[in-house]
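Engineer: Here is my input; please provide its structure:
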Amino acid sequence: MKILLITIGFYCLAVTGMAQEFQLKFPATPGRRIKLENLGGHVRVMGYAGTEIMIRFFPGGNRKIQTTTTPVNTVYALGTDNTGVGLFMEKDTGEISFKNVLPLSMAGDYLLKIPEKLLLSVVSDCHHLKKLNIVDMQGDLDIRICHAVTIENAEGAIVLTTIAGKVDVRMRLLQKGKPVSIISETGNITLTIPPDVAADLRMGSAAGTVHCDFPVLPGNNKKTLQGDNQISGRIGSGGAVIHLQSLSGRIFLQKSKP
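Structural biologist: Residues are numbered from 1 along each chain as shown. Below is the predicted model of the structure:
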């Protein structure tokens with residue numbers, strides 16, 4: 001397969017018969033953040049022990065692959081595509097952001113490979129991002145979308161809110177000072193954590209049920225609340241904060257298998 005590779009400084013656009021690519025050097029120094037806004041379709045983010053952000057766009061709808069030998073700043077109603085993958089990029093010392101500028105009729109899927117220790121923010125309205133997968137991230141995650149989310153092998157703090165769709169989060173490590181807060185209006189929530197974890201727990205669903213694999217002990221207020229739709233207290237000696245909440249979905253707190 002022929003590949004056109006264009007490099008200007010740290011910017012790189014590769015064109016294949018299947019996808020368009022963009023690369024940028026952005027090492028994960030402490031506090032650095034990447035923000036994704038209104039990316040369309042299915043978005044998969046993979047953390048790795050490198051220094052570059054790599055974005056691959058798989059076009060859908062009536063979008064045509066860019067085959068010119070120089071990057072083109074295409075202007076759409078939502079803004080200028082200055083990356084060649086349907087995104088407008090802004091960058092400063094501490095944060096880099098990518099905002100979708102394509103109309104819905106030209107939306108596609110995205111695969112991103114980013115430094116694993118970056119802080120990651122994902123924001124989307126209900127018309128764009130339809131499914132989000134995040135794998136092997138050590139940095140904190142801030143997710144505010146409408147649909148299904150899957151997170152695997154996370155190690156940092158998580159703040160996640162969604163409206164509908166299943167939420168499935170697997171923590172490789174749960175640390176004191178790195179809270180996990182997951183709120184879904186209608187979707188089920190499953191959080192899987194190591195079996196030897198120590199945590200302060202609060203989980204509840206207004207119209208659904210809650211299920212916990214761990215024995216729950218009285219918390220700092222010397223009280224334990226357990227019922228079909230809410231549980232609060234501590235796991236082990238307490239420490240890391242876990243908050244799981246839904247209006248109508250079911251909630252599961254599970255032990256990971258060795």
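
Engineer: where does this protein dip in pLDDT?
Structural biologist: 1-18, 61-72, 220-227 (pLDDT under 70).

Engineer: Let's check: the centremost residue of it is which one?
Structural biologist: I134 (5.0 Å; CA atoms, centre = their mean).

Engineer: Parallel or antiparallel, list what pairs with the helix or strand harbouring it.
Structural biologist: Secondary structure assigned from DSSP states H and E places I134 in strand 129-135. Applying DSSP bridges to the sheet, strand 129-135 is found paired with strand 41-48 (parallel), strand 148-154 (parallel).

Engineer: To K117, which of those strands lies closest?
Structural biologist: With CB to CB, the closest approach to K117 among those belongs to strand 41-48: 7.9 Å. Where you see a C-beta, it was placed from the backbone N, CA and C, and this is true even at glycine.

Engineer: right, and the helix or strand after that closest one?
Structural biologist: strand 52-58.

Engineer: What residues of that following strand count as buried?
Structural biologist: I53, M54, I55, R56, F57 (16 or more other CB atoms under 10 Å).

Engineer: What's opposite the nearest residue to the third one once chain neighbours are set aside in the beta bridge?
Structural biologist: Just to be clear, that refers to I55. Closest residue to I55 apart from its sequence neighbours, by CB to CB, 6 or more residues apart in numbering: F22 at 4.5 Å. On the basis of DSSP bridges, F22 takes part in beta bridges with L13, I55.

Engineer: Wait, F22 touches T83, no?
Structural biologist: Yes. When contacts are counted by CB atoms under 8 Å, F22 is listed as touching T83 (4.6 Å).

Engineer: circling back to that earlier point, do you know how far the residue nearest to I55 is from K166?
Structural biologist: Relative to K166, F22 is positioned 30 Å away (CB to CB, to the nearest Å).

Engineer: Compare neighbour counts for those two and give me the winner.
Structural biologist: F22 (23 against 16; other CB atoms under 10 Å).

Engineer: List the buried residues in stretch 251-258.
Structural biologist: Residues of stretch 251-258 classed as buried: I251, F252, L253 (neighbour count, 16+ other CB under 10 Å).

Engineer: ok, the first one - contacts?
Structural biologist: Contact criterion CB atoms under 8 Å, 6 or more residues apart in numbering gives N188, I189, T190, M203, G204, S205, G208, T209, V210, H211, L244, Q245 as the residues in contact with I251.

Engineer: Tell me how many other residues crowd the last one.
Structural biologist: Using other CB under 10 Å, Q245 is surrounded by 20 other residues.

Engineer: quick one: the spatially closest residue to T162 that is not a sequence neighbour from M54, how far?
Structural biologist: Excluding its sequence neighbours, the residue lying closest to T162 (CB to CB, 6+ apart) is S184, at 5.0 Å. Note on S184: its distance to M54, by CB to CB, is 30 Å.

Engineer: same thing with R170?
Structural biologist: Computed as CB to CB, the R170 to M54 distance reads 24 Å.

Engineer: How about T150?
Structural biologist: Taken as CB to CB, the span from T150 to M54 is 20 Å.

Engineer: could you pull out the helices for the stretch 151-258 of the chain?
Structural biologist: With DSSP state H, counting those that start in this stretch, there are no helices along the stretch 151-258 of the chain.

Engineer: for it, what spans make up the strands?
Structural biologist: 158-162, 167-171, 180-184, 189-193, 199-205, 210-212, 225-226, 230-235, 240-246, 251-255 (DSSP state E, counting those that start in this stretch).

Engineer: Need the ones you listed in CSV (columns: distance to L129).
Structural biologist: Listed next are the strands of the stretch 151-258 of the chain as CSV, based on distance: least, CB to CB, whole Å:
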stretch, distance to L129
strand 158-162, 10
strand 167-171, 14
strand 180-184, 15
strand 189-193, 18
strand 199-205, 24
strand 210-212, 27
strand 225-226, 35
strand 230-235, 30
strand 240-246, 20
strand 251-255, 23
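
Engineer: G219 is nearest to which of those?
Structural biologist: Per CB to CB, nearest to G219 of the strands of the stretch 151-258 of the chain: strand 230-235, 4.8 Å.
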